[in-house]
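Colleague: Structure, please.
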Amino acid sequence: MYYKNYGNTDMKVSAIGFGCMRYDYEDTKAGRFEKCAEIPLYAHEKGINYFDTAPFYCDDTSETITGIALSQMPRNSFYISTKANIGTCEGPPTKDNFRRRLEKSLERLKVDYIDFYHLWCIINLEGFRKLYDVMYEFCQEAKAEGLIRNIVFSSHMRGDHLETAIAHDNFQGMLIGYNALNYRFRQSGISTAYEKGMGIVAMNPLGGGLIPDNPDKFAYLTEGTNLNVAGAALRFVASHREITIALAGCATKAHVDDACLAVENLVERPAAEIYLEYENKGESIDDMCTGCGYCDKCPVGVQIPKFMDAYNMVLLGGSFMNRLAWHWDVTAEDAGACTRCGLCEGLCTQHLNIMDRLTHINKKIDPKAV
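Modeller: Residues are numbered from 1 along each chain as shown. Next up is the predicted model:
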């Protein structure tokens with residue numbers, strides 16, 4: 001395993017982190033938690049020492065499963081990351097409720113302290129300021145008590161907005177979406193954070209599955225390697241000097257093996273150098289859905305993530321009608337139930353024009369012709 005320093009700390013972390021939101025669906029539903037825990041245990045054996053989880057992952061079982069695995073590892077051999085925000089509070093966002101959430105995570109994870117505690121899922125600057133105002137002081141107090149080692153944040157903001165958040169100088173690191181599709185739009189943010197000595201963890205390095213699901217379009221990533229497209233996409237992210245950890249969501253031991261292979265003999269390079277090499281290659285995800293699922297709260301039941309996935313096919317040169325017909329259990333007509341309330345667009349981490357896309361799908365209009 002290849003290791004990097006986490007920012008200006010003395011913590012040596014694995015270049016591949018274990019993303020704990022991909023435990024096997026059937027096993028989690030059936031309560032086979034011990035079986036699921038075998039995968040992070042195997043990852044630890046392979047040298048991965050950073051584990052990232054959160055409340056509500058895997059239908060709110062991820063912290064429990066991860067805790068089963070962590071309880072079988074020496075405490076000084078791993079780092080655990082989890083998260084909280086206003087939505088995780090059982091009640092109003094008070095210090096007492098944030099404390100109850102933290103204590104619940106500690107109990108589930110079977111640890112006495114959290115190495116990296118995130119202000120979670122910040123979509124824009126307004127959301128950052130609101131969460132900072134209600135949560136940061138509590139985090140400072142918890143850190144002083146030894147319950148938190150590092151206060152960090154998780155964000156889907158674009159690069160220039162990230163710079164504003166980073167300027168607070170109150171965070172040891174950040175977790176952001178970064179991959180071969182969106183790196184053009186996050187360059188300034190990671191460069192600023194790196195210069196300040198922050199650790200940078202990259203989530204969604206496979207573009208929500210868009211990259212491995214379209215291997216022909218992203219074959220250029222594999223040039224000069226012996227990796228498949230998914231592995232090459234992980235290596236692309238991990239090779240950034242500014243990126244500390246690339247998170248890999250692993251449901252099987254084979255996934256772990258592939259992720260570890262991706263960073264064998266890793267060569268780190270500055271982001272600006274990588275940008276120049278790939279500037280005219282591949283696709284851009286500026287207007288693609290990453291499949292995060294945060295928009296899946298439609299008050300009238302429109303299955304928005306499925307429609308946005310189908311719309312991606314248009315952006316990749318395909319047909320949303322074919323995607324709906326062969327991949328999802330919804331029809332173009334179902335998109336017409338949208339009332340244009342705007343809730344989904346407010347939740348979208350990519351700031352997409354979801355309502356217009358639903359209209360295009362419903363009316364079976366090629367958006368390129370609009």
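Colleague: What's opposite I151 in the beta bridge?
Modeller: Y117 (DSSP bridges).
Colleague: tell me the contacts of it?
Modeller: Y117, L119, Y136, C139, Q140, K143, N170, F171, Q172 (C-beta atoms under 8 Å, 6 or more residues apart in numbering). C-beta here means a position set from N, CA and C on the backbone, and glycine is covered the same way.
Colleague: Retrieve the pLDDT associated with it.
Modeller: On pLDDT, I151 comes in at 96.
Colleague: Check the one 3 residues further on too.
Modeller: Here the pLDDT value assigned to S154 is 92.
Colleague: which SS class is it?
Modeller: What DSSP: H, G, I helix; E, B strand; the rest coil gives for S154 is strand.
Colleague: number of nearby residues for it?
Modeller: S154 sits with 21 neighbouring residues when counted by other C-beta atoms under 10 Å.
Colleague: how near is it to K12?
Modeller: 22 Å (C-beta to C-beta, to the nearest Å).
Colleague: rewinding a little: ok, of the contacts of I151, which one's closest to D309?
Modeller: Checking those against D309 by C-beta to C-beta gives L119 as the nearest, at 28.3 Å.
Colleague: ok, of the contacts of I151, which one's closest to Y6?
Modeller: Q172 (7.8 Å).
Colleague: residues in contact with the residue nearest to the closest one when sequence neighbours are not counted?
Modeller: Nearest non-adjacent residue to Q172, counting by C-beta to C-beta, 6 or more residues apart in numbering: N150, 4.1 Å away. Counting by C-beta under 8 Å, 6+ apart, N150 touches T9, D115, F116, Y117, K143, Q172, G173.
Colleague: can you rerun that using 10 Å?
Modeller: Neighbouring residues of N150 by C-beta atoms under 10 Å, 6 or more residues apart in numbering: 6-7, 9, 11, 79, 81, 114-118, 139, 143, 171-173, 199.
Colleague: With L266 instead?
Modeller: M1, Y2, Y3, K4, A15, I16, R235, A238, S239.
Colleague: Compare these and tell me which is most surrounded.
Modeller: Neighbour-wise, those (other C-beta under 10 Å) top out at I16, 32 neighbours.
Colleague: Enumerate every residue touching the nearest residue to that residue once chain neighbours are set aside.
Modeller: Nearest non-adjacent residue to I16, counting by C-beta to C-beta, 6+ apart: A259, 4.9 Å away. For A259, the contact set (C-beta under 10 Å, 6+ apart) comprises 1, 14-19, 43, 46, 48, 205, 230-231, 234-235, 238, 246-250.
Colleague: ok, of those residues, which come out buried?
Modeller: Among these, those classed as buried by 16 or more other C-beta atoms under 10 Å are 1, 14-19, 43, 46, 48, 205, 230-231, 234-235, 238, 246-250.
Colleague: And the contacts of the helix or strand of the chain with the lowest mean pLDDT?
Modeller: Within the chain, no helix or strand scores below helix 320-327, which has a mean of 75 by mean pLDDT, DSSP states H and E. Applying C-beta under 10 Å, 6+ apart, the external contacts of helix 320-327 come out as 213, 306-314, 316, 319, 328, 330-332, 334-335, 357, 360-361, 364, 366-367.
Colleague: Apart from its neighbours in sequence, what residue is nearest the spatially most central residue of the chain?
Modeller: The centre of the chain sits closest to M203, judged by C-alpha atoms, centre = their mean, with a distance of 3.3 Å. Once flanking residues are discounted, M203 sits nearest to L247: 4.9 Å by C-beta to C-beta, 6+ apart.
Colleague: for the helix or strand where the one you found lies, the distance to its chain's centre please.
Modeller: For L247, the host element (DSSP states H and E) is strand 245-249. In this view, strand 245-249 has its centroid 8 Å away from the chain centroid, taken as C-alpha atoms, centre = their mean, to the nearest Å.
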